[in-house]
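Undergrad: Have a look at this prediction, sequence included:
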Amino acid sequence: AKASFLSYGERKAISHKQEQMAMLREFNIAAREKLMNKRVQQIVEERTYALRVEREELDLRNTLKRTELLEAKNRITAEEQLKAEDRKEKDRLREENNLRRYQAWTDSVSLQPSRGAFHAGDDVLLQPSK
């Protein structure tokens, strides 16, 4: 009923204003969506970067742990090798000592006068003649 009291020019101006308002609302909605999409994209990029940094830190930590484990394994291997060399040296010294003691024993037995029986270490020439 109000529209009938308005002139053609006024109705045209109101219609134009309504179109402008509708376009402005659409523009605002589009701008808000664009802004939201931009914000979402920014959040995704930040999360992606944070995850990449976290992954790199984990990789570095794992590399460090592997390095520490390898160093510990090498240290243990080196210690075991030293222990094995020590055992070999002790065995060699014990063998030399046993050989010296055996040599001293055989020397002492061969210097004892023969009692008519063959003793270990006796020289055949020391056997009594029959």
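TA: Sure thing, it's come through.
Undergrad: Buried residues of stretch 97-112, list them for me.
TA: By neighbour count with 16 or more other Cβ atoms under 10 Å, stretch 97-112 contains no buried residues. Heads up, the C-betas are built off the backbone N, CA and C, glycines and all.
Undergrad: pLDDT on that stretch, on average?
TA: Averaged over stretch 97-112, pLDDT sits at 86.
Undergrad: Residue most distant from the centroid, this protein?
TA: Phe5 (86.0 Å; Cα atoms, centre = their mean).
Undergrad: Tell me the spacing between that residue and Arg11.
TA: 10 Å (Cβ to Cβ, to the nearest Å).
Undergrad: Please apply the same query to Arg39.
TA: 41 Å.
Undergrad: Could you do Ala72 as well?
TA: 90 Å.
Undergrad: How about Thr77?
TA: 97 Å.
Undergrad: now Glu95
TA: The spacing between Glu95 and Arg11, counted by Cβ to Cβ, is 123 Å.
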